[in-house]
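Participant: Below are the sequence and a predicted model for it; my questions follow.
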Amino acid sequence: MRDMPLDLTAVPSTDPIRAYRYRDGLYAADFITAAVVHLDFFTWLHANPSTKDGIAAHFGFTERPLDVLLTLCAANGFVENRDGTYHATPTAVEHLTSASPWNLKPYYASLKDRPIVKDYLQVLKTDKPANWGGDKAALDWHKAMETDEFSRSFTAAMDCRGIYLAQAMAKKVDLTGRKRLLDIGGGSGIYACSFCAHHPHLQATVLDQAPVDRIAQRCIDERGFHDRVSVATGNMFKDPLPADCDVHLFSNVLHDWGIAEVKELLAISYKALPAGGLLIIHDAFINADKTGPLPVAEYSSLLMHSTQGKCYSTQEYADLCREAGFKPGAYQDTAADRGFMVATK
């Protein structure tokens, strides 16, 4: 990991949004290519406007990847949802259906054998994530995180992103009267350290499993926050959460998991928080009607390919929080197509 700035209140003078979007949207073109070339999806949908269940039955798709595909297509203006029935839009009919003189399927055909394109055909039907980066020799993402080499590389990637994103969030969250934040699945500890940098009264604990816990401790020490940010080693699903925290943070964690696991994690958080405790979900959020934003729909395609999760909508998170017992608050934008929601116990 590169040398780390100690001042977590310093901000860049330029906007990195394009650099973020290139990386986050990297796989979206492959997903659209799979739909156009291999599935001729828009030709079928134009002839057969259908519900999500009808689409799933015809193509043999599973729910999670189909939801991500429909969101991506809606965000691009290729499909629209009319009272639960999905239709190809005029743009899709003219440019992505086989009978149209403007059909672009041949233009996409040369991309049909890209490894990520082929991965999507499998993920759509099996709901099992492909290996990280399309590397067939690699372990799946969650297993890979248990290895030292991959966990170091992945944590460094998330740390450099967090230096920018964590500040944007920490400035907006009201932590008046709060004492200790628990950063669940906190990786390098960049979010916990940033919150402490912006809220001088706050203490924090980073919870993560080995070997990430050792990486986190080193990063926290190098940033000079060893007296305010501690590390707890544990599995967030299996081990009891520290009991002395009145704020829980899930930052870019829930999007790695399916609905069942998200429900489990929210229930674990609710049980561990004291009455009046605060939950913060920091992530890239799909809007309530699942028509965008386009950069988040593209990022969701990457997550769906390589993890068990996706980008959830603001409505999905609000409903999941209520089901766990929380009272959800409103969504707020932060930076680089990210934002946060809070909920109280």
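Facilitator: Happy to help now that I have it.
Participant: Against residue 90, how distant is residue 36?
Facilitator: Counting by Cβ to Cβ, to the nearest Å, the separation of residue 36 from residue 90 is 16 Å. To be clear about C-beta, it is placed using only N, CA and C from the backbone, and glycine gets the same treatment.
Participant: So between the two, which is more surrounded?
Facilitator: Regarding residue 36 and residue 90, a neighbour count based on other Cβ atoms under 10 Å identifies residue 36 as having more, with 27 against 11.
Participant: does the more buried one really touch residue 104, like I thought?
Facilitator: Yes - counting by Cβ atoms under 8 Å, residue 104 is a contact partner of residue 36 at 7.3 Å.
Participant: Please enumerate the shared neighbours of those two.
Facilitator: Contact criterion Cβ atoms under 8 Å, 6 or more residues apart in numbering; residues shared by residue 36 and residue 104: residue 96.
Participant: residues in contact with the spatially most central residue of the chain?
Facilitator: A centroid search over the chain (Cα atoms, centre = their mean) returns residue 255, at 3.6 Å, as the residue closest to the centre. Residue 255 makes contact with 283-284, 300, 303, 307, 309-312, according to Cβ under 8 Å, 6+ apart.
Participant: Assign the residue of the chain positioned farthest from its centre to helix, strand or coil.
Facilitator: Farthest-out residue of the chain from its mean C-alpha position, per Cα atoms, centre = their mean: residue 101, at 38.1 Å. Look at residue 101: counting by DSSP: H, G, I helix; E, B strand; the rest coil, its state is coil.
Participant: So it versus residue 258, what's the distance?
Facilitator: Remark: distance between residue 101 and residue 258 (Cβ to Cβ) = 42 Å.
Participant: ditto for residue 289
Facilitator: Separation of residue 289 from residue 258 (Cβ to Cβ) stands at 22 Å.
Participant: and if you look at residue 341?
Facilitator: 19 Å.
Participant: More neighbours: which of these two?
Facilitator: When neighbours are counted by other Cβ under 10 Å, residue 341 comes out ahead of the other of residue 341 and residue 258, with 20 against 16.
Participant: Assumed that one was part of a strand.
Facilitator: Yes - when the secondary structure is assigned by three-state DSSP, residue 341 falls within a strand.
Participant: can you pull up the bridge partners for it?
Facilitator: Applying DSSP bridges to residue 341 gives these bridge partners: residue 281, residue 331.
Participant: which secondary element of the chain has the worst mean pLDDT?
Facilitator: One helix or strand of the chain scores below all others by mean pLDDT, DSSP states H and E: helix 141-144, with a mean of 55.
Participant: Any idea how far apart the tips of stretch 237-253 sit?
Facilitator: Using Cα to Cα, to the nearest Å, one end of stretch 237-253 lies 12 Å from the other.
Participant: Pull out the buried positions in that stretch.
Facilitator: Of the residues in stretch 237-253, those buried under the neighbour-count criterion (16 or more other Cβ atoms under 10 Å) are 241-242, 245-253.
Participant: So which residues make contact with that stretch?
Facilitator: When contacts are defined by Cβ under 8 Å, 6+ apart, stretch 237-253 is touched by residues 158, 162, 166, 169, 175, 178-186, 191-192, 195, 205, 207, 232, 234, 236, 261, 264-265, 268-269, 272-274, 276-283.
Participant: can you tell me which of those are in helices?
Facilitator: 158, 162, 166, 169, 191-192, 195, 261, 264-265, 268-269, 272 (DSSP state H).
Participant: Export those residues to CSV and append columns for distance to residue 221, pLDDT and neighbour count.
Facilitator: What follows is the ones in helices among the contacts of stretch 237-253, written out as CSV (distance: Cβ to Cβ, whole Å; pLDDT from 0 to 100; neighbours: other Cβ atoms under 10 Å):
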residue, distance to residue 221, pLDDT, neighbour count
158, 18, 69, 16
162, 17, 89, 25
166, 18, 95, 27
169, 23, 96, 23
191, 16, 96, 31
192, 13, 97, 32
195, 17, 97, 28
261, 31, 97, 15
264, 32, 98, 15
265, 28, 98, 21
268, 28, 98, 19
269, 27, 98, 26
272, 26, 98, 17
